[in-house]
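K.L.:
here is a sequence with its predicted model. Questions after.
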Amino acid sequence: MLRVVGYTDNLEPAALYLYRDWLPASGEEARDFPIYCQRLNFFPEVPEHETVAEVFLPLK
């Protein structure tokens with residue numbers, strides 16, 4: 001799981017980091033399940049720089 005704080009409208013960079021950088025270095029193996037995101041709060045309920053999303057990469 002990677003937590004993204006701040007601008008969370010484009011989570012593609014976080015997903016690419018998990019697949020391209022973190023996963024090969026971790027020694028883990030991705031499960032046959034899509035990556036998914038959970039938003040913990042939303043703009044305008046909180047200021048945009050305080051928004052939080054978690055990007056999950058399911059592992060075996």
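P.N.:
Right, received. Where do you want to start?
K.L.:
and the helices in this structure?
P.N.:
Taking DSSP state H, the helices of the chain run over residues 12-16, 23-26.
K.L.:
ok, the residue nearest in space to the middle of the chain - contacts?
P.N.:
Closest residue to the average C-alpha location of the chain: V55 at 2.2 Å, with Cα atoms, centre = their mean. V55 is in contact with 1-2, 4, 11, 14-15, 18, 35-37, counting by Cβ atoms under 8 Å, 6 or more residues apart in numbering. The C-beta positions use only the backbone N, C-alpha and C, and glycine is treated the same way.
K.L.:
mark which of these are buried, thanks.
P.N.:
The neighbour count (16 or more other Cβ atoms under 10 Å) marks 2, 4, 11, 14-15, 18 as buried among these.
K.L.:
which residue is the nearest non-sequential neighbour of L2?
P.N.:
V55 (4.8 Å; Cβ to Cβ, 6 or more residues apart in numbering).
K.L.:
circling back: name the nearest of the contacts of V55 relative to P24.
P.N.:
L18 (10.4 Å; Cβ to Cβ).
K.L.:
gap between that closest one and C37?
P.N.:
Distance of L18 to C37, given as Cβ to Cβ, to the nearest Å: 11 Å.
K.L.:
any stretches of this protein with poor pLDDT?
P.N.:
Scanning the chain for pLDDT under 70 picks out nothing.
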